[in-house]
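# For reference, the sequence and a predicted model appear below.
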Amino acid sequence: MKLYRYALACKIKLFFVFGMILMACNRNKVPDNVVPKDKIVNVLVDMHLADAVLSRVSNQDTMLMMASSKYYFIFKKYGIDSATFTRSLKYYNYQPDEFAKLYAQVVDSLNAKIPKEKIIKKKKTVLKE
């Protein structure tokens, strides 16, 4: 009887270890319902540009109406919905290294959209201070 319990305990431990190994191997695979990195970068760039426009609106109600339509347009442009976007952002948020790389691409894309004259003026202003 003791041998049976020992064998059962070993099988359970082995099954648990095997399950943990399988879970660890699947960690790098992106689930099907998550927006791919290149697409989510473009979505985030467009959303930040929309937020920049919205930050200039002084009336809160107008800003919320404009935000809703702008975000809807962005989601429609990339063929996703808000739930998919939120799920994808949550997934990438739990992958800190990937999320940092992803946002580095977003920042680079946004910086590329700034006219060089503005960058030069900002640098001169910072140097004067």
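Received the coordinates, thanks. Here the structure is a predicted model, which is why all the values come from computation and not from measurement.
# which ones are touching Tyr71?
47, 50, 82 (Cβ atoms under 8 Å, 6 or more residues apart in numbering). Quick note: C-beta positions are derived from backbone N, CA and C, even for glycine.
# how about 10 Å then?
The neighbours of Tyr71, taking Cβ atoms under 10 Å, 6 or more residues apart in numbering as the test, are 43, 46-47, 50-51, 54, 82, 85.
# One more: Ser109?
With contact taken as Cβ under 10 Å, 6+ apart, Ser109 is in contact with 41-42, 44-46, 48-49.
# switch to 7 Å and redo it
41, 45 (Cβ atoms under 7 Å, 6 or more residues apart in numbering).
# May I see the buried residues of the strand or helix carrying it?
Per DSSP states H and E: Ser109 is located in helix 96-112. Counting neighbours by 16 or more other Cβ atoms under 10 Å, one finds that the buried residues in helix 96-112 are 102, 105-106, 109.
# Stretch 43-59 now?
For stretch 43-59, the buried set under the neighbour-count rule, 16+ other Cβ under 10 Å, comprises 43-47, 50.
# And those residues, which is closest to Tyr78?
For these, the minimum distance to Tyr78 (Cβ to Cβ) is 5.3 Å, reached by Val43.
# wait, doesn't the closest one sit right on Lys77?
No: using Cβ atoms under 7 Å, Val43 is not in contact with Lys77, being 8.4 Å away.
# neighbours of Asp38, just the number please.
Other residues near Asp38 come to 9 when the count uses other Cβ atoms under 10 Å.
# what about it, which SS state?
On the three-state scheme (DSSP: H, G, I helix; E, B strand; the rest coil), Asp38 is labelled helix.
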